[in-house]
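Colleague: missing the sequence, but the structure's below:
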């Protein structure tokens, strides 16, 4: 879903998917490590679904067919970790925007996200109805108030 949305609505922009964020664990690395060893430490870091890198801002994207409130805290954490990601240093001075991409609306989660300044975008790919058919009926909709 995310790759399709990026291709359709963010074409021409620099995007990255499954981006590791934050710095390696503080006790590591040490100067004796090879570049390969230092790179492998990154597996301990968190990762965002996508980044959209523009001249004026960086957008961190989390996506879910059915979003839950945990996505909001993930985005907030990723915004904090972004500024501590050495590989992304050229973009550290830019403003960071947060975007929650979803297919099935959960009104409570969307309301909470928007109250925290998170942009919420609904995207329903053409294959969504077929996918929903294989789910249990309660999984085909968001949580109701």
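Modeller: Thanks, I have it. Every value quoted in this text rests on a predicted model; they were computed, and no experiment measured them.
Colleague: residues in contact with the spatially closest residue to residue 46 that is not a sequence neighbour?
Modeller: Nearest in space to residue 46, with sequence neighbours left out and distances taken as CB to CB, 6 or more residues apart in numbering, is residue 21 at 5.5 Å. C-betas here are computed from N, CA, C, even on glycine. When contacts are counted by CB atoms under 8 Å, 6 or more residues apart in numbering, residue 21 touches 45-48, 78, 81-82, 84-85, 88.
Colleague: if we go to 10 Å?
Modeller: By CB atoms under 10 Å, 6 or more residues apart in numbering, the contact set of residue 21 is 42, 45-48, 51, 60, 77-85, 87-88.
Colleague: Please apply the same query to residue 59.
Modeller: By CB under 10 Å, 6+ apart, residue 59 lies in contact with 10, 13, 15, 50-53, 94-99, 119.
Colleague: Just the buried subset of the residues you listed, please.
Modeller: Buried subset of these (neighbour count, 16 or more other CB atoms under 10 Å): 15, 50-53, 94, 96-99.
Colleague: export these to CSV and tack on distance to residue 112?
Modeller: CSV is the format used below for the buried ones among the contacts of residue 59 (distance: CB to CB, whole Å):
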residue, distance to residue 112
15, 26
50, 21
51, 23
52, 22
53, 27
94, 26
96, 19
97, 17
98, 13
99, 15
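Colleague: Quick one: mark the members of those that sit in strands.
Modeller: Among these, the members falling in strands (DSSP state E) are 15, 50-53, 96-99.
Colleague: what's the distance between stretch 59-69 and the middle of its chain?
Modeller: Put simply, stretch 59-69 sits 7 Å off its chain's centre (CA atoms, centre = their mean, to the nearest Å).
Colleague: Stretch 60-73: which residues count as buried?
Modeller: By neighbour count on 16+ other CB under 10 Å, the buried set for stretch 60-73 is 60-67, 71-72.
Colleague: Please list the members of those residues that lie in strands.
Modeller: 60-64.
Colleague: Below-threshold pLDDT in this structure: ranges please.
Modeller: By pLDDT under 70, the low-scoring segments of the chain are 24-29, 39-44, 135-145.
Colleague: ranges for the helices of this protein?
Modeller: All helices of the chain, identified by DSSP state H, fall at 2-9, 35-41, 70-82, 107-115, 128-133.
Colleague: Before I go, just wanted to say thanks for your time.
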